[in-house]
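Predicted model and sequence below, questions to follow.
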Amino acid sequence: MLTQDDIIYFVVTDRFCNGSRRNDSEVDPSNPKGFHGGDFAGLKKKIPYFQELGVTAVWLTPVYLNIGNFYDSAGYHGYWAMDFERVDWRLSGFEGDDAKESRARLKKLVEAFHQAGLKVILDMVVNHTGYHTHEYLDYPHRRFEDRHFNVNREGDLAEGWLSGLPDLDHDQPEIGDYFVQNILDWIEETGIDGIRMDTVKHVEDGFWYLFKSHIKTSHPEVTLIGEVLDYDPDFIGRYQQQNDFDTLFDFPLCSAIKETLVWDGPMTRIARPRLNPDEAKGILDKNKPYTNANRLVTLLDNHDLDRRITTEILDSVGHWDRDLAREILKLCFTFLCTTRGIPQFYYGSEIGLEGQHDPDNRRDMPWELFGSDQRPKHKHKFERDVFDHLFQMIRLRRANPAICYGYLFTLFVDHFIYAYLREFRGNLVLVVINNGCEAMPAPVRIEIARNGNIPPRIKALLADGQVLQSRIKAVPDTLVSDGGIDVRLPRKSAGIFTLGS
Ligand SMILES: [Ca+2]
Ligand SMILES: [Ca+2]
């Protein structure tokens, strides 16, 4: 089960680490759309790396046996399943026919992760099969007949063939039953902690009710994360409210981060002081559509989005100004690690790995930049600095339950500045963001005693004379005086304070 103190790291297994050459017969690293050889052996080898970075859960791309090379492309990413019951031999190294035995290979990997204190989230697909798999009538493991597929109604959310992929008709009981049993098998035979469900909005609604009654009831300990790619909280929230998805990817916040921290839009887009009920809402003020907004999975980018550092951050500052780009990337990490939700980081982001749209956003993890201490070598200053920052933010988050479990109070917002407070059972973290491209010319005053948004219980923790200890090197400690604090920050950065003695 995923909890709010988890930090998710997402890997495209084929691109992460090639731990065994024996399963590399279809590998062509020169083809950005081909197999590159990453596998379970590589994931296992990198367990110490996950531990060093401090993440607690690893999300793996789908492990189903995929179609091989297909025109200039291939099912390296796992989303083009040929057989939903067995693990791809390119990942596991097991080439035999026994599906159960192939799943036992995944179980071994999950056990190794568990022993290291890491959870495993398995990516699952029910919407579609790999290209042309519906036509392989003589395929020995064929489970579906032509009649099981939707007639392609282009543009229809549930019945259209997404990118031309054969689309299964989940209104047919046989299909629903097949996938319920299939998912139960994966859960019960591998011991995974969570499922990341692909393309949820493209599957007929009825299936999610079936899923809820069979899988959520028998395995409530397995966290279900829904990928509903939409930017409207009302639309995606429905899947948490009605279909009992434990959590969803917070694409609305992902978009707001892009508009503000990256493209310098007003911070009021993120949150508003909400001093009167008619005031427009920021994205963090729109929690109502969700069962629990604190459990949403927050993200900067993933394998379907351009890597933020390349097509957003460097585009916004100019590709020559890598110093400013680095500060913005670090600010995005600070925000993800201190705002509400469970943060997800995409492999390579921790060193500012670049990449435009698919497949460029799925480059091989450049392990040659790393030293034996599991960190980027000192000579790679950019990568080392970004890594060290995320390393610190992850530790800060893990040490402060206020960030994982606390309520979020907005203290102050204007175009450039956003100050918020997290509190849980006396543990308190105060964050002030300067989103300006210049250092603050004068300190900003954050009112506490007169702030109507803060309950008296918390005000008592922030009485005059209370020292606020800075958790960021470049920012000095501060002191509550005259009912508030004064904070002055460098460009595109944040001050983070905890209660000092
Ligand atoms: Ca390999
Ligand atoms: Ca569909």
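The structure has been received and is ready for your questions. Residues are numbered from 1 along each chain as shown. Ligands and ions are numbered 1, 2, ... in the order given.

Show me the helices in the stretch 251-400 of the chain, by range?
Along the stretch 251-400 of the chain, counting by DSSP state H, counting those that start in this stretch, helices occupy 251-257, 308, 315-317, 322-338, 381-399.

Which of the ones you listed has the lowest mean pLDDT?
Among the helices of the stretch 251-400 of the chain, helix 315-317 carries the lowest mean pLDDT, at a mean of 90.

Kindly spell out which helices and strands sit in contact with it.
helix 322-338 (3 or more Cβ pairs under 8 Å, 6 or more residues apart in numbering; DSSP states H and E). To be clear about C-beta, it is placed using only N, CA and C from the backbone, and glycine gets the same treatment.

Which positions in the helix it packs on come out as buried?
322, 324-338 (16 or more other Cβ atoms under 10 Å).

right, so of the helices of the stretch 251-400 of the chain, which gets closest to ligand 2?
helix 251-257 (19.2 Å; Cβ to the ion).

Packing partners of that closest one?
With contacts taken as 3+ Cβ pairs under 8 Å, 6+ apart, helix 251-257 sits against helix 233-241, strand 297-299, helix 322-338.

Mind listing what's buried along that helix?
Phe251, Pro252, Leu253, Cys254, Ala256, Ile257.

so can I have CSV of the residues you listed showing distance to ligand 1?
Shown next, in CSV, are the buried residues of helix 251-257 (distance: Cβ to the ion, whole Å):
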residue, distance to ligand 1
Phe251, 32
Pro252, 38
Leu253, 36
Cys254, 32
Ala256, 39
Ile257, 35
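
Model confidence for the spatially closest residue to Val386 that is not a sequence neighbour, exactly?
Closest residue to Val386 apart from its sequence neighbours, by Cβ to Cβ, 6 or more residues apart in numbering: Gly352 at 4.5 Å. pLDDT for Gly352: 97.

ok, Gly352 - contacts?
Ile309, Ala325, Arg326, Leu329, Phe382, Glu383, Val386 (Cβ atoms under 8 Å, 6 or more residues apart in numbering).

pretty sure the first one is touching Ala325, no?
Yes. Here Ile309 lies in contact with Ala325, judged by Cβ atoms under 8 Å, at a distance of 6.6 Å.

Contact partners for Val12?
Here Val12 is in contact with Gly38, Thr61, Tyr76, His77, His303, Tyr347, Arg362 (Cβ under 8 Å, 6+ apart).

between those, which has the most around it?
Counting neighbours by other Cβ atoms under 10 Å, Tyr76 comes out on top of the contacts of Val12 with 31 neighbours.

In the stretch 351-500 of the chain, what residue lies closest to ligand 1?
Nearest residue of the stretch 351-500 of the chain to ligand 1: Asp364, at 11.9 Å (Cβ to the ion).

and Gly452, how many neighbours?
Around Gly452 there are 9 residues (other Cβ under 10 Å).

list the contacts for it?
By Cβ under 8 Å, 6+ apart, the contact list for Gly452 reads Leu275.

Give me the pLDDT for it.
So, for Gly452, pLDDT stands at 87.

Flag every residue of the protein that's near ligand 2.
Proximity of the chain to ligand 2 (Cβ under 5 Å from the ion) is limited to residues Asn127, Ala158, Asp167, His202.

So how do I select the buried members of those residues in PyMOL?
Typed into PyMOL, the line below selects the buried ones among these, using 16+ other Cβ under 10 Å:
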select buried, resi 127+158+167+202
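
In CSV: the residues of the chain next to ligand 2, plus distance to ligand 1, secondary structure and pLDDT.
Listed next are those as CSV, based on distance: Cβ to the ion, whole Å; DSSP: H, G, I helix; E, B strand; the rest coil; pLDDT from 0 to 100:
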residue, distance to ligand 1, secondary structure, pLDDT
Asn127, 28, coil, 97
Ala158, 36, coil, 95
Asp167, 31, strand, 96
His202, 31, helix, 97
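
From the contacts of Gly352, pick the one nearest Val317.
Ala325 (5.3 Å; Cβ to Cβ).

Was I right to think the closest one contacts Glu312?
No. Checked against Cβ under 8 Å, the pair Ala325 and Glu312 is beyond contact range at 9.7 Å.

List the contacts of the residue nearest to Asp5 when sequence neighbours are not counted.
Leaving aside its sequence neighbours, Asp5 sits nearest to Cys404 (Cβ to Cβ, 6+ apart; 4.2 Å). By Cβ under 8 Å, 6+ apart, the contact set of Cys404 is Thr3, Gln4, Asp5, Arg397, Phe424.
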